[in-house]
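K.L.:
what shape does this take:
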Amino acid sequence: MSISRDRVKPRAKPLRSGFTMIEVILVVVIIIIVSSVSIPYFSGSMRGHKLRTSGRMIMKMAGYSRAMAIMREETMTMVLNPETMEIYLGGREAAPTNTTDGVIDQDVFKRLGFTDGDEDGLGNVGVEREVRRFLPDDLSVKNFDKNWTEEDDAFEDLYLIRFYPNGQCDWFELELVDKRDVGIRLENDPISGKIRSEFLQ
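P.N.:
Numbering: from 1, shown residues only. All right, here's what the predicted structure looks like:
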C-alpha cells in the first residue's frame, strides 16, 4: 500500500524564543548611556532642591509680611536666627498689662526679659511669632547685609527685616549655602518689596 505524498506534511520548524546575546548587550549599552547622561542632571537638581525651597519659603514669608504690614497699618518684622536656622515673623508684641489684682503675671516678666522665657532660643526681640518655619539643618548663612540701625545692634545674633505700612521694607541681601558650598543669594527691592534670587555654583 503506497502512501500518497499529499498526505505527508513537512515538519514545522520550532519557534525561536528569547533574545540573542547581541540584543541583550545592545539594551545594556543603551541603559548605560541614558544613565550617564541623566544621573548628573538629577543629582544636580536634587542638590539644589533645598536651597530653592528655602529661597521660595523666605520669599513667601516676606510677601506675607509686606501684605500684613499694609493691611494692618503696622510694622511687621521677619527674624532669622542663623544659629538655629529658624525664621519667624509677626507684628510688635502687645504692651505688658497688669492683672486685676495688681500683680504683674509671669508672661509680662518674660516679655520684659526679666525671666528666662526664651525656651526656643530665638531671643526676645519684641516680635509676636505669628508664622514660624525651619530652614534645613545642612544649610547655613554665608553672608547677610542690610542697612543696620541702632535697634539691630541690640540683637547682633539675629537678622531683622522690617516691613512698613507704606509697602516699603528694609533692604537686605542674604546668601545661603549648603555643605558643598553651593548657594543661593536673595536680594530685595526696598520700594516694591520684591525679592530676586540667584543660584550660585
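
K.L.:
drop to CA atoms for contacts and neighbour counts, all remaining ones
P.N.:
OK.

K.L.:
what is the closest residue to residue 183 other than its chain neighbours paired to in the beta sheet?
P.N.:
Closest residue in space to residue 183, ignoring its immediate chain neighbours: residue 177 at 4.0 Å, by CA to CA, 6 or more residues apart in numbering. Beta bridges link residue 177 to residue 140, residue 183 when assigned by DSSP bridges.

K.L.:
all helices of this structure, in order?
P.N.:
Taking DSSP state H as the test, the helices found in the chain are 21-47, 49-72, 106-112, 150-153.

K.L.:
the bottom helix or strand of the protein by mean pLDDT?
P.N.:
helix 106-112 (a mean of 48; mean pLDDT, DSSP states H and E).

K.L.:
how long is stretch 125-134 end to end?
P.N.:
Counting by CA to CA, to the nearest Å, you get 18 Å between the two ends of stretch 125-134.

K.L.:
any idea how far residue 180 is from the residue nearest to residue 178 when sequence neighbours are not counted?
P.N.:
The shortest distance from residue 178 to any non-neighbouring residue, by CA to CA, 6+ apart, is to residue 139 (4.5 Å). Counting by CA to CA, the gap from residue 139 to residue 180 is 10 Å.

K.L.:
pick out whichever of those two has more residues nearby.
P.N.:
Shown here are residue 139 and residue 180; by other CA atoms under 10 Å, residue 139 has more neighbours (20 against 10).

K.L.:
so the more buried one sits against residue 176, correct?
P.N.:
Yes. Using CA atoms under 8 Å, residue 139 makes contact with residue 176 at a distance of 6.5 Å.

K.L.:
pLDDT weak spots in this protein?
P.N.:
Scanning the chain for pLDDT under 70 picks out the ranges 1-18, 40-47, 93-124.
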